[in-house]
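Peer 1: Provide a 3D model corresponding to the input given below.
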Amino acid sequence: TDPQCRVRVNCHAVPGVWQYEALAFKPGLVMRWFRDGFCQYEKEKAAVEGTDPYNLMNKEAERIPAGSYGMVCAFSDIMNFINWKHAAPTFTNFELDPTKFNRYTFYRAILENTALLVKGHMELVKEATGNMPSEIIFAGGASKSPLWSQILADVLGMPVRVPVVKEATALGAAIIAGYGVGLYSSIEEGAKRTVKWDKVFTPNTDNRKVYDDLYETWKKVYAAQLKLVNDGVTKPMWVAPGL
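Peer 2: From the prediction side, this is the model:
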């Protein structure tokens, strides 16, 4: 399906359907690392207010302009299943100006990095299939963040649809179980009856232009960082066994 063997293809739970799987690597762990390592104040404040520290972090990061003043970071790379490795975690292209480059700028750059990665994965699937979807369904814990959802819409330039039940894996398993015991006549019917939509995020065209330029910069930065790993100068964030 992909002559360069970059995208992994799996049989789907729905008969006759195949899944092109392009994985982001450890974005949730990166978020947790940044929260626990640099946002103790937000954790303490959230405990007092009875909220999630990510909500406080998102509120501040919304004040940072799209593109994080040109700063980029490298964590997970675009998937390359035949030679799967990731550069050393990196932040670069920031200035020693605390009014612009504070912890919320770094936090927003992490969110943008993952969205740029999704853009790369969408291009891989298009290369392999010739198709590009007209909208994206964003689920899982990350989709609880309106900021991250909006960044994703802006980077991709297409609507991002977020379901009411964010834990899509668990809901999908329940739908299949319901079909298995006869609650639904088909898996499709089960999905239609149970999946409800919370919100749709539409892209901001001005931000889209910023992210298109940032994406080209990000790819070049990542290629340079990956070369440092291949040259033995830096340690990879992760590398597949045997490489």
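
Peer 1: which residues in the chain form strands?
Peer 2: 8-11, 18-21, 72-74, 85-86, 90-92, 136-137, 160-163, 197-201, 238-239 (DSSP state E).

Peer 1: Out of those strands, which one sits most buried?
Peer 2: Mean neighbour count (mean count of other CB atoms under 10 Å) peaks for strand 72-74 among those, with a mean of 23. Where you see a C-beta, it was placed from the backbone N, CA and C, and this is true even at glycine.

Peer 1: strands paired with that strand, and their directions?
Peer 2: According to DSSP bridges, strand 72-74 forms sheet pairs with strand 90-92 (antiparallel).

Peer 1: lowest average confidence, helix or strand, in the protein?
Peer 2: In the chain, the helix or strand scored least confidently by mean pLDDT, DSSP states H and E is strand 18-21, which has a mean of 88.

Peer 1: who does that one touch, helix- and strand-wise?
Peer 2: strand 8-11, helix 103-129 (3 or more CB pairs under 8 Å, 6 or more residues apart in numbering; DSSP states H and E).

Peer 1: between those, which one is nearest to Val72?
Peer 2: Checking the helices and strands packed on strand 18-21 against Val72 by CB to CB gives helix 103-129 as the closest, at 6.6 Å.

Peer 1: For the closest one, buried residues please.
Peer 2: Going by neighbour count (16 or more other CB atoms under 10 Å), the buried part of helix 103-129 is 103-122, 124-125, 128.

Peer 1: Including distance to Asp213, could the strands of the chain go into JSON lines?
Peer 2: Shown next, in JSON lines, are these (distance: least, CB to CB, whole Å):
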{"stretch": "strand 8-11", "distance to Asp213": "30"}
{"stretch": "strand 18-21", "distance to Asp213": "27"}
{"stretch": "strand 72-74", "distance to Asp213": "11"}
{"stretch": "strand 85-86", "distance to Asp213": "23"}
{"stretch": "strand 90-92", "distance to Asp213": "16"}
{"stretch": "strand 136-137", "distance to Asp213": "21"}
{"stretch": "strand 160-163", "distance to Asp213": "21"}
{"stretch": "strand 197-201", "distance to Asp213": "21"}
{"stretch": "strand 238-239", "distance to Asp213": "28"}
